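A.B. asks: with the input below, show me the fold.
(one chain, ligands or ions: 1)
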Amino acid sequence: MSARRIAADQPASFEMTPETQAKLDRIIARYPQGKQASAVISALWLAQKQNDYWLPRAAIERVAETLGMPYIRVMEVATFYTMFNLEPVGKYFIQMCGTTPCLLAGSDGIKAYLEQRVGPQRKVTADGNFSWLEVECLGACCNAPMVQINDDYYEDLTVENFGKLLDDLAAGRPVRVGSQTGRMTSEPDGGLTTLTTFYGADGKSGPQSLKK
Ligand code: FES
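C.D. replies: Got it, this is the predicted structure:
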């Protein structure tokens, strides 16, 4: 589990852009009058996305002011949920799952590769491209080992395909989200072994193979 501390270096101010404010206004409008504090997680999330995926103290204060909440209440939320980053992260922020299914499938190799290529956890690379953090299960155990990079999951990792993924991201080349071995979502590795036939929509046209 990670320690949750706000960054030592803080920007002097934070203002929401008109686009962020408009999104937040639409979310706040979903709640009854006087219950706008219910939008606190959404507000922090929008502020974080605007600020390169991390929340400075000024953004937390701005959210508190917008929602009419005591600053400490918003700080409690921001420091409790690990989805909020309290210090700067790389342009590509890698959350590496190290929980048991991913560990059994080789996440220790991914972790060693990250330590060697990106450096210690939480440290942003000199070019600003990467930082990483080991996290608990991200709910994609069927496709272990996996990482989350910004908003997307990358699964079925090996040291080789993960290295290529980071090369492609750093070079600005398009990358494939999801399985890095080409399987569809979490279907069996090696292709379907059951439910390989289906009947036509009229229920009479007989079994048809789903296998290519
Ligand atoms: S254990 Fe890694 S996604 Fe669940």
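A.B. asks: who's in contact with the helix ranked longest in the chain?
C.D. replies: For the chain, the helix that runs over the most residues, judged by DSSP state H, is helix 159-171. Under the criterion Cβ atoms under 8 Å, 6 or more residues apart in numbering, residues 92, 109-110, 113, 117-118, 127, 129-130, 147, 149, 154, 157, 173-175, 180-181 lie in contact with helix 159-171. For every residue, glycine as well, the C-beta is placed using N, CA and C.
A.B. asks: does the ligand sit close to stretch 181-199?
C.D. replies: No. Using Cβ under 6 Å from any ligand atom, we find that stretch 181-199 stays clear of the ligand, coming within 10.9 Å at best.
A.B. asks: what about this structure, any weak spots by pLDDT?
C.D. replies: Low-confidence segments of the chain, defined by pLDDT under 70: 1-3, 198-212.
A.B. asks: quick check: domain ranges of it?
C.D. replies: Here the domain parsing of the chain from automatic domain parsing is 18-80, 92-179.
A.B. asks: start and end of the longest one, how far apart?
C.D. replies: Put plainly, it is domain 92-179. From its first residue to its last, domain 92-179 covers 18 Å (Cα to Cα, to the nearest Å).
A.B. asks: tell me which residues in the longest helix of the chain are buried?
C.D. replies: For helix 159-171, burial by neighbour count (16 or more other Cβ atoms under 10 Å) applies to 162, 165-166, 169.
A.B. asks: any chance of those residues in CSV, plus distance to the ligand?
C.D. replies: Formatted as CSV, these follow (distance: Cβ to the nearest ligand atom, whole Å):
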residue, distance to the ligand
162, 14
165, 17
166, 19
169, 20
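A.B. asks: may I ask which two of the residues you listed are separated the most?
C.D. replies: Across those, no pair lies farther apart than 162 and 169, at 10.7 Å, counting by Cβ to Cβ.
A.B. asks: hang on, the earlier thing: run the chain-centre distance for the longest helix of the chain.
C.D. replies: Remark: helix 159-171 is offset 17 Å from the chain centroid, using Cα atoms, centre = their mean, to the nearest Å.
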